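K.L.:
here is my input, please return the structure:
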Amino acid sequence: MRFIGRTEELSMLERHFSSDTVRGCAIYGRRRVGKTTLIDRFCEGKPSIRFNFAGSEADKVMEHISEDISAYTGDGFRRIAEVMHNFDDVVRFLESLDPEERTVVVMDELPDAIALFKDVPASLMRYMDGRMKRQNIFLIICGSSISAMTGELNNADRPLFQRFPVQMNLRPLPYREARLFHPGLSEEDRVRAYAICSGIPLYHEMMSAYDSVEDGIRRMFLGRVPPLYLESRNLIAIEASPQDTHMGVLSAIGNGASDLRTISDAVGLSKSRCVCVLDRLILLGYVEKRVPYGKRRSKVAYRIKDGFMDFCYSVLAGNESLLDMDSADAYGILKGRIETFYGRRFEYICAQYIGSTESCTWIGGWWGKVPIKENGRLVRGEDGRALTEDADIDVVAEIGGSDTAYVMMAECKFSRRQIGVREIRELMHRSEAAMMGGESIRYMLFSRSGFTEDAMDLEADRPDLNIRLVSLKDIGKWAESCEKK
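P.N.:
Purely as a prediction, here's the structure:
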């Protein structure tokens with residue numbers, strides 16, 4: 001698989017590797033995010049030995065560990081296998097090393113070792129506190145179970161507490177890096193690919209094998225044996241139990257449920273049990289909890305954060321019967337849902353753009369009630385009160401310090417129609433309802449299809465309105481400028 005991005009992560013590892021005081025690093029993150037690939041790149045040109053503890057059978061795992069040791073030492077596999085039976089034997093091997101040049105030791109999928117062998121954290125602690133202090137070794141432990149890794153590393157009653165002050169929670173690639181997997185695509189299709197693959201290198205690599213995003217969807221998600229659709233189910237089966245309950249919560253959110261009561265009712269769970277499931281999905285990076293900007297920050301809403309899971313549970317879930325159809329026909333039926341999905345995921349790229357180009361102290365969104373207006377006038381009911389409707393602002397960001405602070409209100413449109421003055425006025429109207437009072441407001445509008453002449457004239461002729469229009473071409477230039485830094 002191609003190695004793309006991760007400049008900051010590699011720089012951090014190199015800095016600590018060269019340090020006289022840092023002895024190791026813990027790396028964790030969701031499955032498929034590229035932890036092993038990052039470690040492989042970091043180890044290039046360095047003496048290293050890597051142990052992968054992935055597996056459910058202790059004998060098989062130790063057989064693979066013996067192969068790793070044999071490859072490192074040049075000793076015969078059989079002789080090594082005779083004395084390698086458990087984790088303590090691995091530690092004894094490490095204690096026997098005396099490398100002149102600093103050597104990287106990698107323990108991949110350490111949570112699996114903890115599940116297979118006795119007293120793994122305690123054995124590792126004793127090694128780190130003893131012999132390792134006198135060795136020229138840089139230790140990396142790695143795992144895909146975020147809860148297991150953080151629990152072992154950060155709970156005060158666990159042996160490894162404070163042994164790994166350097167920890168890296170490896171996140172999905174940002175848009176500016178992930179788009180490099182698709183050099184032959186237009187910026188528009190790169191946005192679509194990112195919406196689905198969500199910065200997960202393996203999925204971008206798989207989708208990049210096709211000439212268009214549509215073809216990739218038909219091959220990877222539709223048909224009788226769709227590999228990536230099945231992947232979404234397998235991830236939940238591995239990481240969350242009971243599987244059906246967690247999938248049910250994802251499906252409920254994918255179908256539009258956003259508050260705790262609606263989600264719990266849809267799945268048939270008590271609120272307390274539903275919170276536990278949501279917390280687990282948040283920890284895995286699949287769901288996020290949001291609060292709106294302004295006075296009603298206590299109004300919590302949930303949405304699917306991971307684009308891959310969002311596609312599977314908002315577009316495909318509930319439409320499994322389409323998998324028996326020709327993939328082209330199935331795509332045609334789902335096209336409307338897919339376009340809606342792209343529009344929703346476009347917001348994440350726009351948020352990254354704002355976060356990269358502005359000094360954000362908080363970034364989120366807003367939703368609530370806004371007064372209905374017709375021809376610039378409030379619409380009132382029979383009782384004289386102004387009528388309201390539900391509305392939202394895609395991205396809201398608090399920018400700058402106390403003296404230069406302002407709030408950025410942004411709308412993101414991934415439609416075929418150009419954005420005009422009407423959409424600008426609508427954003428301003430919604431912003432009035434969202435403001436707490438006294439803020440300095442600026443406006444940013446993102447558009448897949450560009451802007452009308454009237455909208456561009458308004459931006460140019462009324463600098464006092466603080467309007468900024470951002471096209472896909474602008475997003476491409478921003479991404480390319482980030483690559484050169």
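K.L.:
from the chain's centroid, how far away is the top helix by length along the chain?
P.N.:
When the chain is scanned for its longest helix (criterion: DSSP state H), the result is helix 327-357. Computed by C-alpha atoms, centre = their mean, to the nearest Å, the chain-centroid distance of helix 327-357 equals 15 Å.
K.L.:
give me the mean pLDDT for it.
P.N.:
For helix 327-357, mean pLDDT is 96.
K.L.:
contacting residues for the residue nearest the centre of the chain?
P.N.:
What sits nearest the mean C-alpha location of the chain, by C-alpha atoms, centre = their mean, is residue 172, with 4.5 Å. By C-beta atoms under 8 Å, 6 or more residues apart in numbering, residue 172 lies in contact with 30, 33, 178, 198, 199, 200, 285, 306. All C-beta atoms are positioned from the backbone trio N, CA, C, and that covers glycine.
K.L.:
what do you get if the cut-off is 10 Å, keeping everything else the same?
P.N.:
Contact analysis of residue 172 by C-beta atoms under 10 Å, 6 or more residues apart in numbering lists 29-30, 32-34, 178, 194, 197-201, 203-204, 285, 305-308.
K.L.:
with residue 160 instead?
P.N.:
Residue 160 neighbours (C-beta under 10 Å, 6+ apart): 26, 110, 114, 120-122, 124-125, 128, 141, 149, 151-154.
K.L.:
show the buried residues in these.
P.N.:
With burial judged by 16 or more other C-beta atoms under 10 Å, the buried subset of the contacts of residue 160 is 26, 110, 114, 120, 121, 124, 125, 128, 141, 149, 152, 153.
K.L.:
out of these, list just those in helices.
P.N.:
Per DSSP H, the buried ones among the contacts of residue 160 map to helices at 110, 114, 120, 121, 124, 125, 128, 149, 152, 153.
K.L.:
spell out the residue ranges of the strands in the stretch 1-150 of the chain.
P.N.:
24-28, 48-52, 103-108, 137-143 (DSSP state E, counting those that start in this stretch).
K.L.:
which residues touch the nearest residue to residue 38 once chain neighbours are set aside?
P.N.:
Spatial nearest neighbour of residue 38, chain neighbours left out: residue 6 (5.5 Å); criterion: C-beta to C-beta, 6 or more residues apart in numbering. By C-beta under 10 Å, 6+ apart, the contact set of residue 6 is 12, 13, 34, 37, 38, 41, 42, 170, 173, 177, 201.
K.L.:
my guess is the fourth one contacts residue 173. True?
P.N.:
So that's residue 37. No - applying C-beta atoms under 10 Å, one finds residue 37 not in contact with residue 173, separated by 11.2 Å.
K.L.:
more neighbours, the two?
P.N.:
Taking other C-beta atoms under 10 Å, residue 37 and residue 173 do not tie; residue 173 has more neighbours (23 against 16).
K.L.:
in what helix or strand does the residue lying closest to that one once chain neighbours are set aside lie?
P.N.:
Sequence neighbours aside, residue 199 is the residue nearest to residue 173 in space, at 3.9 Å (criterion: C-beta to C-beta, 6+ apart). Using DSSP states H and E, residue 199 falls within no helix or strand.
K.L.:
and the residue nearest to residue 38, what pLDDT?
P.N.:
The confidence metric pLDDT takes the value 95 at residue 6.
K.L.:
repeat for residue 369
P.N.:
On the pLDDT scale, residue 369 gets 89.
K.L.:
and the helix or strand hosting it, what does it pack onto?
P.N.:
Assigned by DSSP H and E, residue 369 belongs to strand 360-371. Applying 3 or more C-beta pairs under 10 Å, 6 or more residues apart in numbering; DSSP states H and E, one finds that strand 360-371 contacts strand 287-290, strand 301-304, helix 327-357, strand 388-399, strand 406-413, helix 421-434.
K.L.:
what about 7 Å?
P.N.:
helix 327-357, strand 388-399, helix 421-434 (3 or more C-beta pairs under 7 Å, 6 or more residues apart in numbering; DSSP states H and E).
K.L.:
show me what counts as buried in that strand.
P.N.:
363, 364, 365, 366, 367, 368, 370, 371.
K.L.:
could I get these as CSV with distance to residue 427?
P.N.:
Formatted as CSV, these follow (distance: C-beta to C-beta, whole Å):
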residue, distance to residue 427
363, 17
364, 16
365, 13
366, 11
367, 14
368, 14
370, 11
371, 15
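K.L.:
what is the nearest of those residues to residue 225?
P.N.:
residue 365 (37.7 Å; C-beta to C-beta).
K.L.:
wait, that closest one touches residue 397, no?
P.N.:
No - counting by C-beta atoms under 7 Å, residue 365 does not reach residue 397; the two are 9.6 Å apart.
K.L.:
after the strand holding residue 369, which helix or strand is next?
P.N.:
Downstream of strand 360-371 (by DSSP H and E), the next one is strand 373-374.
K.L.:
looking at the helices and strands packed on strand 360-371, spot the one closest to residue 101.
P.N.:
Among the helices and strands packed on strand 360-371, helix 327-357 sits nearest to residue 101 (C-beta to C-beta), with 38.4 Å.
K.L.:
next, the buried residues of that closest one.
P.N.:
327, 330-331, 334, 338, 341-354.
K.L.:
okay, now residue 188: neighbour count?
P.N.:
16.
K.L.:
helices and strands around the strand or helix carrying it, which ones?
P.N.:
Element membership of residue 188 [criterion: DSSP H and E] is helix 187-197. Applying 3+ C-beta pairs under 7 Å, 6+ apart, we find helix 187-197 packed against helix 175-178, helix 201-207, helix 213-220, helix 307-311, helix 327-357, helix 472-484.
K.L.:
okay, angle between the longest helix of the chain and helix 213-220 too, please.
P.N.:
Comparing the axes of helix 327-357 and helix 213-220 via axes from the mean of the first three to the mean of the last three C-alpha atoms, to 10 degrees yields an angle of 120 degrees.
K.L.:
for the nearest residue to residue 436 once chain neighbours are set aside, pull up the helix or strand it's in.
P.N.:
The spatial neighbour of residue 436 that comes closest, neighbours along the chain excluded (C-beta to C-beta, 6+ apart), is residue 294 at 5.2 Å. Taking DSSP H and E as the definition, one finds residue 294 inside no helix or strand.
K.L.:
burial of residue 294, as a residue count?
P.N.:
18.
K.L.:
pLDDT wise, what is it at?
P.N.:
At residue 294, pLDDT is 82.
K.L.:
good, we can wrap up now.
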